[in-house]
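**Q** Sequence below, structure please.
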Amino acid sequence: MNHIAVFVYGTLRKNETNHYLMKGATLIANQAWTNGRLFDTGIGYPALKESINDKVYGELYLVSDEQLLRLDELEDYHPNNRNNLYNRKRQVVYHDTGEMEAYLYFIAERHETMLKNDIESGDWKLYRLEKKRTT
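**A** Residues are numbered from 1 along each chain as shown. Predicted structure coming up:
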């Protein structure tokens, strides 16, 4: 069975609404980061835009081919389709015991209008916690 590294930064993280899709995945790192700029869409989940100057924080997992297909479905990603909501790309992810290439889901350029608020910390969970405190 193939194991594929995937970096999750939003609703797929532990204790988040879509984490159930990670059931059976192997956690490599609770604390991981990679380059990218995180935004709140205002509709319950964040979106990531490519950036070499910003960092996004999340978790790193190994998933099966079957799990990757489920994640693709959630992220509305279809290989070689120009109408994707997200595009899946590989890039280096850093974690406490090293670094490795993993898949990430980036918002497709044609959907960047969905990006409402810049999440300066680069951390969806921290952002949501801070937002709760101020409301």
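
**Q** Show me what the lowest-mean-pLDDT helix or strand in the chain packs onto, helices and strands only.
**A** Lowest by mean pLDDT, DSSP states H and E among the helices and strands of the chain is helix 124-134, with a mean of 88. Applying 3 or more C-beta pairs under 8 Å, 6 or more residues apart in numbering; DSSP states H and E, one finds that helix 124-134 makes contact with strand 37-40. C-beta coordinates here come from the backbone N, C-alpha and C atoms, glycine included.

**Q** which parts of the strand it packs on are buried?
**A** 37-40 (16 or more other C-beta atoms under 10 Å).

**Q** and the next element down the chain from it?
**A** Using DSSP states H and E, the helix or strand that follows strand 37-40 towards the C-terminus is strand 46-49.

**Q** Can you name the residues in contact with the next helix or strand after that next one?
**A** Later in the chain than strand 46-49, the nearest helix or strand by DSSP H and E is strand 55-63. Identification of contacts with strand 55-63 by C-beta atoms under 8 Å, 6 or more residues apart in numbering yields 3-10, 12-14, 22, 25-38, 48, 71, 93, 95, 100, 102, 121-124, 126.

**Q** between the least confident helix or strand of the chain and strand 55-63, how big is the angle?
**A** 130 degrees (axes from the mean of the first three to the mean of the last three C-alpha atoms, to 10 degrees).
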